[in-house]
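Peer 1: 3D model of this:
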Amino acid sequence: MKKHIVSHIAIYILSVVMIAFGIYHFKNPKAMLEYIPYDLPNPILCIKIVGATFILAAISFIFNKYVKVTAYLLAFMLLIFAFVFHLKIYMNAGSDDVKVHELINILKDTALAAFALHIAGSADSHGMKF
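Peer 2: Residues are numbered from 1 along each chain as shown. A predicted model of the protein is given here:
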């Protein structure tokens, strides 16, 4: 299989995952409330904005438009989630189950951010160079 085909497949898989995350944020926003700081105004709206962000990033990747800026912004958002929200919950967790769950979230968001940074580094102002 040629390198560019593998790259296409990887980006499309990431896009499908992000669309699934985005839909989940819209369908089950109350399930996400435990990850939101209590002092944020209108947390359900914040959750839906994040869901829309995931879906819009996936659309950008699928149609190869604004890929560089989208990938950098996605990575920035995911790193904030990992090292602000999830790390805070991890550090304050009362049970080992919560710690394990949050460690998985930190690793997942960090890995997705790294993939987004790779995409950003591989793109130019016109999109991915396949």
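Peer 1: Residue 40: what secondary structure?
Peer 2: Of the three states, residue 40 takes coil under DSSP: H, G, I helix; E, B strand; the rest coil.
Peer 1: Nearest residue to it in space, please, no chain neighbours.
Peer 2: residue 46 (5.6 Å; C-beta to C-beta, 6 or more residues apart in numbering). C-beta: built from backbone N, CA, C; applies to glycine.
Peer 1: in what helix or strand does that neighbour lie?
Peer 2: Assigned by DSSP states H and E, residue 46 falls within helix 43-63.
Peer 1: just to revisit the earlier point, the residue nearest to residue 40 and residue 109, how far apart?
Peer 2: Look at residue 46 and residue 109: by C-beta to C-beta, to the nearest Å, they are 16 Å apart.
Peer 1: ok, those two, which is more surrounded?
Peer 2: Between residue 46 and residue 109, counted using other C-beta atoms under 10 Å, the more crowded position is residue 109 (21 against 17).
Peer 1: so which strand or helix has the most centrally placed residue in the chain?
Peer 2: Centroid-nearest residue in the chain, with C-alpha atoms, centre = their mean: residue 78, separated by 5.0 Å. Per DSSP H and E: residue 78 is located in helix 67-80.
Peer 1: what's next to that helix, contact-wise?
Peer 2: Outside helix 67-80, the residues within contact range by C-beta atoms under 8 Å, 6 or more residues apart in numbering are 18, 50, 53, 56-57, 60-61, 109-110, 112-114, 116-117, 119-120, 123-125, 127-128.
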